[in-house]
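Undergrad: when you get a sec, could you give me coordinates for this:
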Amino acid sequence: MAIMNALSTVALLLLSNVATAFVPQSATFGVPARPFSMASVAEAPTEVEGGTKVDNIRNIAVIAHVDHGKTTLVDALIRQSGVFRDDAQANEAGERVMDSEDQERERGITILSKNLAVQRDGMKINIMDTPGHADFGGEVERVLNMCDGVLLLVDSVEGPKPQTRFVLDKALRKGMKALVVVNKVDRPAARVEYVVDTVFDLFVDLGATDEQTDFRVVYASGLLGKAGHEADELADDMGPLFDAIIEGIDPPTIDNTDADGLQCLISNIDYDNFKGKMGIARITNGKIKAGQPVSLVHPDKEKKTGRIGDLYVFDNLGKREVSEASAGEIIMFSGLDTIEIGDTLVTNEAGGANAAEPLEPIAVEQPTVRMTLGVNKSPLAGREGKFLTSRMIRDRLFKELDRNVALRVEETDSADRYEVSGRGQLHLTVLIETMRREGFELEVGPPTVIFKENEETGKMEEPWESVEVRVPEEYMGSVIDLLNLRKGELQDMGLEEGEGLSVVKYLVPTRGMLGLRSALLSSTRGTALIDSVFDSYRPKIQGEIQGRDKGSLLAFADGTASTFGIEGAQTRGKMFVKVSDDVYKGMIIGTHQRPGDLEVNVCKTKALNNMRAATKEVKTGVIAPIEMSLDACVEYLAADEIMEVTPSLFRMSKNPSMDPKKNKGGKKK
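TA: Predicted coordinates for the structure are as follows:
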């Protein structure tokens with residue numbers, strides 16, 4: 001009988017195991033569920049030489065050149081990680097989930113770095129999506145302080161570009177390993193072998209170690225949501241990429257797990273309407289608790305004390321409140337209003353008697369371009385904006401410094417004008433556009449480069465940029481002429497195999513780059529693809545660099561533009577204003593067809609009389625004006641011109657303070 005009972009028990013166990021094998025697993029949206037494995041259990045920290053490894057966390061940054069598909073690839077990782085409940089929620093989120101800012105969606109680029117966390121086989125992967133444009137390199141530099149490795153994304157046709165070199169150099173200098181992802185392999189012109197070879201050459205050129213040059217390669221199509229270890233054998237999901245991240249990226253290594261050993265470098269600041277300033281940081285050593293007394297320390301600043309308020313870790317696209325977090329995690333916390341990027345968070349238990357030393361602050365490349373922002377003083381000022389005074393503008397600019405680490409704001413001799421410096425023209429125009437949408441009215445000066453004195457030679461130096469232009473072969477002559485006029489130095493030229501475009505690489509002074517983009521697009525009928533990145537400071541070129549070769553049409557008097565006035569003026573050049581627009585004396589209303597400025601009266605009306613005009617039957621009509629965007633206006637500005645920015649309009653004019661007629665001295669007759 002006992003034997004029969006034992007056999008029955010074994011049979012029941014076998015049947016239950018078989019039944020379990022056929023029970024469908026709860027699949028996450030977008031990717032089939034994986035069977036349970038011991039890898040899905042969070043592992044305890046592992047002791048290794050030089051510290052302790054946290055094996056269940058990976059911290060990675062996605063870096064690449066602009067438009068190589070970073071955000072689209074991150075979207076695919078999100079959708080295949082069970083972040084969305086179902087198809088309806090995924091569709092509601094839309095495409096490019098991480099590009100949440102209005103300007104990011106309109107311009108099609110990532111401007112701000114963003115954090116998210118996904119779970120994969122019990123492994124938490126903190127992902128940081130970074131900008132690809134060179135002007136926002138400061139975002140990349142501070143984010144690299146929070147990660148242990150990088151996903152280097154490279155287009156399967158274009159290969160490494162100038163910004164690829166810039167961001168990879170930063171990662172390699174920090175000793176990080178890179179996982180190379182060749183994206184867009186589904187493109188017909190893909191040339192994956194060439195791209196992998198050029199990436200290897202780039203690693204060697206940047207002085208990578210043997211371990212770093214032995215990088216792992218994954219092929220992917222972010223748009224299709226597929227990845228694989230071979231370009232022609234992609235899996236049905238991003239599984240191979242997830243596996244490569246877990247296996248190829250080093251886990252966080254910590255030196256100290258004690259509460260007194262807390263070291264946490266602040267890398268970003270967010271703002272909550274209810275909780276105020278919120279710091280974002282990675283815990284390098286130790287642990288932290290909500291409500292814990294802490295200090296903010298910096299090698300060059302005074303110690304600040306406070307207490308942690310709410311404590312969060314990143315979870316999917318949002319954050320989850322926790323009571324405690326340990327080394328290796330990326331956290332967000334409230335309670336410290338005096339927090340600044342670059343501060344180190346340490347314990348203040350027992351007055352900080354056993355607190356750790358501060359970490360090395362974030363090092364960011366210095367700005368290369370400056371513009372002046374001030375109170376709008378035009379005759380049409382104050383009609384639209386909500387924020388008009390110098391105090392409001394000053395407060396907003398200095399508030400921007402809290403999170404924009406590459407920006408500099410300085411007072412000037414004028415009480416209503418401030419000097420704002422950034423990494424490039426786009427860096428500054430994004431700030432101006434943000435302020436415009438918030439309701440500010442501003443007067444903006446033309447962009448100028450920042451010169452500096454070489455401490456060794458005592459000579460003045462100016463910034464130079466590495467420029468790569470891809471264009472159809474018939475326009476190559478026009479491109480070379482323009483770059484030569486801007487004092488550029490030819491580095492390389494050739495033919496790109498993938499799409500049949502001619503490629504030319506130049507070193508150009510940043511002074512010569514101001515206004516160059518629109519000139520290149522005009523001379524190539526909009527076909528030029530232009531990439532540039534800061535190269536170095538080199539001896540200043542003597543003399544002026546040729547800028548705009550045409551003058552401006554200026555309004556002759558205050559008033560409203562009329563049809564009759566514009567019909568007469570448009571024969572002199574291309575207009576920026578339309579009928580019924582308000583204009584004032586000295587306002588730029590168009591571009592002159594010849595060098596030099598010309599005043600025209602667009603407000604005049606046709607004389608009314610009872611005489612038949614000889615030209616009565618002549619029908620000319622008004623040609624539609626050129627619509628100038630903020631970026632186009634900034635590129636257009638000459639040294640003696642300024643721009644008026646309001647919530648709905650951009651107006652350009654001659655700078656009254658530089659008018660030779662007003663500044664002319666001499667004795668009265």
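Undergrad: let me see the ranges of the strands in the stretch 251-400 of the chain.
TA: Using DSSP state E, counting those that start in this stretch, the strands of the stretch 251-400 of the chain run over residues 253-254, 263-272, 276-285, 287-289, 293-298, 301-307, 311-315, 318-321, 324-326, 330-333, 344-347, 369-374.
Undergrad: any chance of TSV for the ones you listed, columns distance to K184 and mean pLDDT?
TA: Glycine gets a C-beta too; all of them are placed from N, C-alpha and C. Output for the strands of the stretch 251-400 of the chain, formatted as TSV (distance: least, Cβ to Cβ, whole Å; pLDDT from 0 to 100):
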stretch	distance to K184	mean pLDDT
strand 253-254	34	82
strand 263-272	29	84
strand 276-285	31	86
strand 287-289	41	88
strand 293-298	42	87
strand 301-307	45	85
strand 311-315	28	86
strand 318-321	29	83
strand 324-326	37	87
strand 330-333	29	89
strand 344-347	40	86
strand 369-374	32	91
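Undergrad: save the ones you listed as JSON lines, and put in mean neighbour count and distance to V157 too.
TA: Shown next, in JSON lines, are those (neighbours: other Cβ atoms under 10 Å; distance: least, Cβ to Cβ, whole Å):
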{"stretch": "strand 253-254", "mean neighbour count": "20", "distance to V157": "37"}
{"stretch": "strand 263-272", "mean neighbour count": "20", "distance to V157": "33"}
{"stretch": "strand 276-285", "mean neighbour count": "21", "distance to V157": "35"}
{"stretch": "strand 287-289", "mean neighbour count": "20", "distance to V157": "46"}
{"stretch": "strand 293-298", "mean neighbour count": "20", "distance to V157": "45"}
{"stretch": "strand 301-307", "mean neighbour count": "13", "distance to V157": "47"}
{"stretch": "strand 311-315", "mean neighbour count": "19", "distance to V157": "33"}
{"stretch": "strand 318-321", "mean neighbour count": "13", "distance to V157": "35"}
{"stretch": "strand 324-326", "mean neighbour count": "17", "distance to V157": "42"}
{"stretch": "strand 330-333", "mean neighbour count": "23", "distance to V157": "34"}
{"stretch": "strand 344-347", "mean neighbour count": "26", "distance to V157": "43"}
{"stretch": "strand 369-374", "mean neighbour count": "21", "distance to V157": "31"}
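Undergrad: turn the ones you listed into CSV, columns for distance to D631.
TA: Below are the strands of the stretch 251-400 of the chain laid out as CSV (distance: least, Cβ to Cβ, whole Å):
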stretch, distance to D631
strand 253-254, 44
strand 263-272, 26
strand 276-285, 30
strand 287-289, 43
strand 293-298, 36
strand 301-307, 36
strand 311-315, 33
strand 318-321, 33
strand 324-326, 42
strand 330-333, 33
strand 344-347, 38
strand 369-374, 13
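Undergrad: so which of those gets nearest N115?
TA: Nearest to N115, of all the strands of the stretch 251-400 of the chain, is strand 311-315, at 5.1 Å by Cβ to Cβ.
Undergrad: contact partners of the closest one?
TA: With Cβ atoms under 8 Å, 6 or more residues apart in numbering as the test, strand 311-315 has contacts from 115-117, 126, 288-290, 319-325, 329-333.
Undergrad: among the strands of the stretch 251-400 of the chain, which is nearest I530?
TA: strand 369-374 (16.4 Å).
Undergrad: tell me if I am right that S81 is in a strand.
TA: No. Judged by DSSP: H, G, I helix; E, B strand; the rest coil, S81 forms no part of a strand; its state is coil.
Undergrad: what about the nearest residue to it once chain neighbours are set aside, which SS state?
TA: Distances taken as Cβ to Cβ, 6 or more residues apart in numbering place V118 nearest to S81, at 3.8 Å, with adjacent residues excluded. Three-state call for V118 (three-state DSSP): strand.
Undergrad: doesn't D75 make contact with V118?
TA: No. In this structure, V118 is not within contact of D75 by Cβ atoms under 8 Å, at 11.7 Å.
Undergrad: show me the contacts for G276.
TA: Neighbours of G276 in contact, by Cβ under 8 Å, 6+ apart: S334, D337.
Undergrad: again, but for the one 4 residues further on
TA: I280 makes contact with N115, M146, I266, S267, N268, I269, D270, I330, I331, M332, according to Cβ under 8 Å, 6+ apart.
Undergrad: what's across from it in the sheet?
TA: N268, M332 (DSSP bridges).
Undergrad: that one and V62, how far apart?
TA: Noted for I280: a distance of 17 Å to V62, by Cβ to Cβ, to the nearest Å.
Undergrad: where does the stretch 501-650 of the chain dip in pLDDT?
TA: Counting by pLDDT under 70, the stretch 501-650 of the chain shows low-confidence ranges at 609-620.
Undergrad: all helices of the stretch 151-300 of the chain, in order?
TA: 162-173, 192-205, 210-213, 239-248 (DSSP state H, counting those that start in this stretch).
Undergrad: closest to A415 out of those?
TA: With Cβ to Cβ as the measure, helix 162-173 is the member of these nearest A415 (38.0 Å).
Undergrad: dump the closest one to PDB, keeping only the CA atoms.
TA: Extracted in PDB, the C-alpha atoms of helix 162-173 (Å, rounded to 0.1, in the frame of the first residue of the first chain):
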ATOM      1  CA  PRO A 162      32.600  64.300 -35.500                       C
ATOM      2  CA  GLN A 163      30.300  64.100 -32.500                       C
ATOM      3  CA  THR A 164      30.900  60.300 -32.300                       C
ATOM      4  CA  ARG A 165      34.600  61.100 -31.800                       C
ATOM      5  CA  PHE A 166      33.900  63.700 -29.100                       C
ATOM      6  CA  VAL A 167      31.600  61.600 -26.900                       C
ATOM      7  CA  LEU A 168      33.700  58.400 -27.300                       C
ATOM      8  CA  ASP A 169      36.800  60.300 -26.300                       C
ATOM      9  CA  LYS A 170      35.100  61.400 -23.000                       C
ATOM     10  CA  ALA A 171      34.100  57.900 -22.200                       C
ATOM     11  CA  LEU A 172      37.400  56.300 -23.000                       C
ATOM     12  CA  ARG A 173      39.200  58.800 -20.800                       C
END
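Undergrad: before we move on, the earlier item: L388 is nearest to which of the strands of the stretch 251-400 of the chain?
TA: Nearest to L388 among the strands of the stretch 251-400 of the chain is strand 369-374 (11.1 Å), distances taken as Cβ to Cβ.
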